[in-house]
Each structure stands twice: as structure tokens, then as C-alpha cells.
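Asks: sequence first, predicted model second:
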Amino acid sequence: MGLSGIDHVQLAIPPGKEDDARAFYGAILGLTEKPKPPDLAVRGGAWFENEFVKIHLGIDPNFHSAVKAHPGLLVRDLKAFILHLRGSGVEVLDSDLETYHRVYISDPFGNRIELIDAR
């Protein structure tokens, strides 16, 4: 008995911004959009995933960016991913931690995301 993992992380986005989410989470971060079950699809939002990560984006009519709470995502070859992000116009903020390499980015809605070198 006990916790064994995380199935997904949910972040909020403003109503009607699914296309902006697709451009960021799909095209830039490289996640695949997964169809939501019909009973959940009527609420809007979008689900993105790959073999390691699942991010669910839910509509919040009273949306406020998560500027402190955030998912921490492991990245293979973080240095190359940072170059990709910057080339895609994403601002990358370096961390002041010396124990491991990490950076912060924000999605188009201001939600904070931590990227950690998977090595």
C-alpha cells in the first residue's frame, strides 16, 4: 500500500485558449495531444503527453497563472532543449542552484514550469 507515481499534472488555462496551448505544449514542447473522453471534452481544455509525461490543461473561468506552484519535468539533453526553446521564442530563466542543472519557463498563460536535467 502507498503512492506509486504520478499519473498526470493538471494546469489551468483561460477559456478559449486551447490553440495557444497546442502551439506551446504540442509544437514547442513536443508533446502529443490526446483526445479527452467525451464527457470531459465538453468542458474544454486539452491533454498532452508522451511516454513519460502527461499534462492536462483545464479551463478555469477565473484563471490566474500558477507563478509559484509548478511541475518539475525531467529533460534529456537540457542544453539542447534550452536552445530549441530560445529558438522558438520562449524565455528561459536560469536557476541559482548549483546542485543540479535546472531552468524555468512559463507557458503562454504564465504558468511556471521547471525543467531539470535528467542526467
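Replies: Looks like it arrived, so ask away.

Asks: where does pLDDT dip in this structure?
Replies: Residue ranges of the chain with pLDDT under 70: 96-97.

Asks: where do the strands sit along it?
Replies: Using DSSP state E, the strands of the chain run over residues 9-13, 32-34, 46-49, 54-59, 72-75, 93-94, 102-106, 112-117.

Asks: so which of these is nearest H84?
Replies: strand 72-75 (10.2 Å; CB to CB). (Each C-beta comes from the backbone N, C-alpha and C, glycine too.)

Asks: so which elements touch the closest one?
Replies: Here strand 72-75 touches strand 112-117, going by 3 or more CB pairs under 8 Å, 6 or more residues apart in numbering; DSSP states H and E.

Asks: can you tell me which helix in the chain is longest?
Replies: Counting residues, the longest helix in the chain under DSSP state H turns out to be helix 78-87.

Asks: what's next to that one, contact-wise?
Replies: I28, V75, V92, H101, R102, V103, I105, L115, I116, D117, A118 (CB atoms under 8 Å, 6 or more residues apart in numbering).

Asks: my guess is the fourth one contacts A118. True?
Replies: If I follow you right, that is H101. No - with contact defined as CB atoms under 8 Å, H101 does not reach A118; the gap is 9.8 Å.
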